[in-house]
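In: got a sequence here, can you model it:
(one chain, ligands or ions: 1)
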Amino acid sequence: MATTALSIISASPVLAKKSKGAESFEYNVDKFADLQILRYRVPGFEELTPKQRIYIYYLSEAAQTGRDILFDQNGKYNLAIRRTLESIYKNYKGDTNDEDYKAFTVYLKQVWFANGIHHHYSTDKFTPAFSKEFLINEVKSLPAEKLPLREGETADDLLAEILPVIFDPAIMAKRVNLAAGEDLIKTSACNYYDGVTQQEAEEFYAAMRDTTTSQPISYGLNSRLVKRDGRIYEETYKIGGRYSAALEKIAECLEKAKEYAENEEQKEIIETLVEFNRTGDLKTFDEYCIKWVEELSGTVDFICGFTEVYGDPLGLKGSWESSINFKNHEASERTDIISKNAQWFEDNSPIDDRFKKEQVKGVSAKVITVAMLGGDCYPSTPIGINLPNADWIRRDHGSKSVTIENITEAYDVASQGTGFNDEFIPDAHTRKLVSEYGFVADNLHTDLHECLGHGSGKMLPGVESDALKSYSSTLEEARADLFALYYMGDKKILELGLLPDKEAYKAEYYKYMMNGLMTQLTRIRPGDNIEEAHMRNRQLIARWTMEKGAADKVVEIKEINGKRYVIVNDYKKLRNLFGNLLAEIQRIKSEGDYEAGKNLVENYAVKVDADLHNEVLERYKNLGIAPYKGFVNPRYTPVKDENGNITDVTVSYNEGYAEQMLRYSEEYSLLPTYND
Ligand code: ZN
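Out: Residues are numbered from 1 along each chain as shown. Coordinates of the predicted model:
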């Protein structure tokens, strides 16, 4: 599970412990559409050993090699479209001030950012602002060898295929459709299913499920489910199977990395992961997850494979992602304290005793520095990650959770002075609270969410882990957020020295409510519902607590001088309401109460107050801030001796956005354009 950044607002440079040099680093790279591209620093890279740096280098090569897998998973025409657009971009001879050309470059930058033609967050298809004629002319002016053509195909054939996909709003309109009552597979453009209905897919996996085991594999995680000639079967992602060319190269990079691993456990982890890429056997994947979660002594760590399931409307299929990182030992003292007290938090949680873990296993948490982002972590990245996702592995072996502080630092520095707080926070007292404690409180919230929230609680025996179906992601994120929110207001947090004073938690509470009730709506288009799991969860929590506390006016939306603001009147009562909702959502998860989960989400999380939405959009627009941010990676260059052996690796931060994307497409494109 992953946490995405949303509410990083400017924080006081006094309290925020930023790395040396953070303030003078040039973070801004590019800005277009609703996106701002930043750069992140890798503080501490120079202090690693050359061996660790080479380890990171080879892992990073594996991280980039999976990029095209994700493009194909996100939609079956994505590689054809990206390669066509890139060819136009590289060979363009016309006027660069031409309106069509300018709109075309924005579209291409959006496609790069989203790893496909659908918005990375809303999953709506992009609307191109250039003309069809422009695209047709440009494609036809290119020689055939510069176009991604199938054997015997012409430019006209290519255009006939991709034009409707790009320009017709009715075709492949959404990557992930979660609208209740529709066939979620037929109405979703993602490429995890082909030719099957939702019912067929659900029946297929229901039949596969072994109900006698308490250690079920992650059914369907690494395959596309297809129907051909009336037969339904899985095309497994493996060497010799689907995505073979990329997976082979990834295995090669991992094998090289293995020689530089820090310990025997890391070597075994890599071997097991490579074995999984060879066989596609999900039992091997579980073995890999267990080895990975139990390896705690190394500094360098990584994720590199089919992981999160947010891109599949049924929540089964793993999108390819990678994060190469190393531990920030100093900042991890904070998360060590949290892990050591995990059992106390579990015992004192406001949930029913029947759903508590008697023994919290191996909650390990650390603060990390990312060194490379790939696949579904790039360019948009989570700020916290908690894995593995399999409930039984978490129960029996624990989970690893991370807070990515060089990313939150970049967000924080880049967001200073935008005027956001002045616009949306009505009073100087609250603004001061947020600016003083925002950075510290945000990071602690992420720590608690990842380290304790996701790992807390247990399922009742016999309850299927996917009982909540399409509502499970939202409810799981809500559960983790509520656990964090509830405890941030606990005096235990002060005793443990995790917040600087008893007012600090209010900064997080205020921001959370403002965000969930109002400001996160900047990410939604007028008339649309909320779809993304983290956004749904935030509105669910904010709306539910506001409604349940209405009689006591715990939280209100108030109009002041013609503008509406969120007002929190009673922080103590708000904390109790967080506790009540946590208890209910834990019950829903532990019992697998689908109906109750569905009602919560549909009643509180999905629909948007149109009037308030318009007001928020208008006010936000005036600030000129891009609502979404993403990152270019640093570049690593091997240092070689006279025999060509790599002896060290250096890092540099000067690659531009388009430059990096074109280089990745050049150096890491191993898959055919059409993978059907
Ligand atoms: Zn989460």
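
In: report the buried residues of stretch 427-446.
Out: Buried residues in stretch 427-446, counted by 16 or more other C-beta atoms under 10 Å: 430-431, 433-446. Yep, even glycine has a C-beta here, placed from its N, CA and C like the rest.

In: oh sorry, the question was meant for stretch 89-101
Out: Judged by neighbour count using 16+ other C-beta under 10 Å, the buried positions of stretch 89-101 are 89, 92, 100, 101.

In: what pLDDT does the closest residue to residue 242 other than its chain neighbours get?
Out: Among residues not flanking residue 242 along the chain, residue 235 sits closest, at 4.5 Å (C-beta to C-beta, 6 or more residues apart in numbering). With respect to pLDDT, residue 235 scores 98.

In: which strand or helix spans residue 235?
Out: strand 231-236 (DSSP states H and E).

In: mind listing what that strand pairs with, with the direction of each?
Out: According to DSSP bridges, strand 231-236 has the following sheet partners: strand 223-228 (antiparallel).

In: coming back round to it: in the buried residues of stretch 89-101, find the pair that's most separated.
Out: Farthest apart among the buried residues of stretch 89-101 by C-beta to C-beta are 89 and 100. That separation is 13.0 Å.

In: pLDDT score for whichever residue of the stretch 151-300 of the chain sits closest to the ion?
Out: Per C-beta to the ion, the residue of the stretch 151-300 of the chain with the smallest distance to the ion is residue 293, at 16.3 Å. Looking at residue 293, its pLDDT stands at 96.

In: run a quick neighbour tally on it.
Out: 22 (other C-beta atoms under 10 Å).

In: any idea how far it lies from residue 201?
Out: 29 Å (C-beta to C-beta, to the nearest Å).

In: try residue 662
Out: Distance of residue 662 to residue 201, computed by C-beta to C-beta: 37 Å.

In: neighbouring strands for the longest strand seen in the chain, and are they parallel or not?
Out: Ranked by number of residues, the top strand in the chain under DSSP state E is strand 363-375. Here strand 363-375 has these sheet partners by DSSP bridges: strand 320-327 (antiparallel), strand 399-404 (parallel).

In: which residues touch the next helix or strand after the first one?
Out: Sequence-wise, the next helix or strand downstream of strand 320-327 (DSSP H and E) is helix 332-340. Outside of helix 332-340, the residues within contact range by C-beta atoms under 8 Å, 6 or more residues apart in numbering are 345, 363-367, 401, 403, 443-444, 447-448, 451-452, 496-498.

In: filter those residues to the buried ones?
Out: Going by neighbour count (16+ other C-beta under 10 Å), the contacts of helix 332-340 have 345, 363-367, 401, 403, 443-444, 447-448, 451-452, 498 buried.

In: which of the three states applies to the residue of the stretch 151-300 of the chain closest to the ion?
Out: helix (DSSP: H, G, I helix; E, B strand; the rest coil).

In: show me what contacts it?
Out: By C-beta under 8 Å, 6+ apart, the contact set of residue 293 is 362, 364, 387, 388, 393, 397, 398, 399, 400.

In: now do the buried residues in stretch 221-232.
Out: With burial defined by 16+ other C-beta under 10 Å, the residues of stretch 221-232 counted as buried are 221, 222, 223, 224, 225, 226, 227, 232.

In: residue 425 touches residue 514, doesn't it?
Out: Yes - judged on C-beta atoms under 8 Å, residue 425 makes contact with residue 514 at a distance of 7.0 Å.

In: compare these two and say which one has the larger neighbour count.
Out: residue 514 (26 against 22).

In: show me what the nearest residue to the more buried one once chain neighbours are set aside is bridged to.
Out: Excluding its sequence neighbours, the residue lying closest to residue 514 (C-beta to C-beta, 6+ apart) is residue 566, at 4.4 Å. Counting by DSSP bridges, residue 566 is bridged to residue 557.
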